[in-house]
Structures are given as C-alpha cells and as structure tokens.
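A.B. asks: Fold the following, please.
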Amino acid sequence: MSNTEKITININVVDLGKIDLLVENGFYSNRTDFIKTSIRNKLDTENYIIKDAITKNNFGIGIFMYGKDYLEKKVSANEKLNLKIVGMLVLKDDITPELALKAINSIEVKGILRADSRLKTELSQIIKFKNF
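C.D. replies: Residues are numbered from 1 along each chain as shown. As a prediction, the model looks like this:
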C-alpha cells in the first residue's frame, strides 16, 4: 500500500513559469519536487494549528486498518467505534455493511478512506469525509 496519493491542481501560467525557472536554475529537480517541498514547508509553518486541531478533536494520525475480526470483537463487547483519522482509514474487504453498521458509530477522515464502494455507500450516513 502506497503512503502517497496523486492529486491534481490548477495553477496559473505565470506561477507555473516561475516554478519552471526555479527548476531550470537548479533549485528543484522538477515541478513535483517544488510542489512537495512547498507543501511540507507550509505544513511545518502551520504545525501548531494542526497539532491543536488534532488534540482538540481527538484525531488519530497515520494509517488505520480495520477488518472483520476486530469489528466482531467490538460488537461482542457491545462497543461502537467513533473513528476520527488524519491520514488513511482502510476498511478491509472482509467487512460486510451489516457488521460495519453494528460496530461503527461514526467516521471522520481527513485524508483518504479506502473501502469497498458498496460499504462506503452503506456507511454514507455515518461518514464525514471530503474527497478532494
């Protein structure tokens, strides 16, 4: 499983030209290198805001993967999950929509939600997620 995702952005031609000049003059190896470096720098600058939001809203950070066995244990214990993730949430293919609805109370993902399309459809009422 890849830790990266492909995104598409629109940028005006003048800014694109400026990026190309920086690449041509050896400051960056290519456009992607410029964009990734710029994003990392901005995230570092805003890190205190991000940390505060994560703490205040009780988000987990990273890649979280749940399967049938774990959800069945939660149902057996009469517990329901409130999943709040910054990163990626993976709901394995062995999870049925019925089991997920019994085991999961809510899902909020800032990043990527990977699950069978049928499962996503069935869970749409409890998912708070924006896919850009």
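
A.B. asks: I'd like the average pLDDT over stretch 100-115.
C.D. replies: The average pLDDT for stretch 100-115 rounds to 94.

A.B. asks: for stretch 48-63, same thing?
C.D. replies: 94.

A.B. asks: list the buried ones in it?
C.D. replies: residue 59 (16 or more other CB atoms under 10 Å). The C-beta positions use only the backbone N, C-alpha and C, and glycine is treated the same way.

A.B. asks: need the helices for this protein, in chain order.
C.D. replies: Listed in chain order, the helices of the chain (DSSP state H) span 13-24, 31-45, 47-57, 68-76, 97-103, 117-122.

A.B. asks: packing partners for the fourth one?
C.D. replies: What that stands for is helix 68-76. helix 97-103 (3 or more CB pairs under 8 Å, 6 or more residues apart in numbering; DSSP states H and E).

A.B. asks: what's the helix it packs on in contact with?
C.D. replies: Helix 97-103 has contacts (CB atoms under 8 Å, 6 or more residues apart in numbering) with 68, 71-72, 74-75, 79-81, 91, 118-119, 122-123, 126.

A.B. asks: I'd like those residues laid out as TSV, including pLDDT.
C.D. replies: Below are the contacts of helix 97-103 laid out as TSV (pLDDT from 0 to 100):
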residue	pLDDT
68	97
71	98
72	98
74	97
75	97
79	97
80	96
81	96
91	97
118	91
119	93
122	89
123	90
126	85
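
A.B. asks: Buried subset of those as a PyMOL selection?
C.D. replies: Buried members of those, defined by 16+ other CB under 10 Å, are picked up in PyMOL with:
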select buried, resi 68+71+74+91+119+122+123+126
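
A.B. asks: Which of the contacts of helix 97-103 sits closest to residue 25?
C.D. replies: Of all the contacts of helix 97-103, residue 91 has the smallest distance to residue 25: 46.0 Å, by CB to CB.
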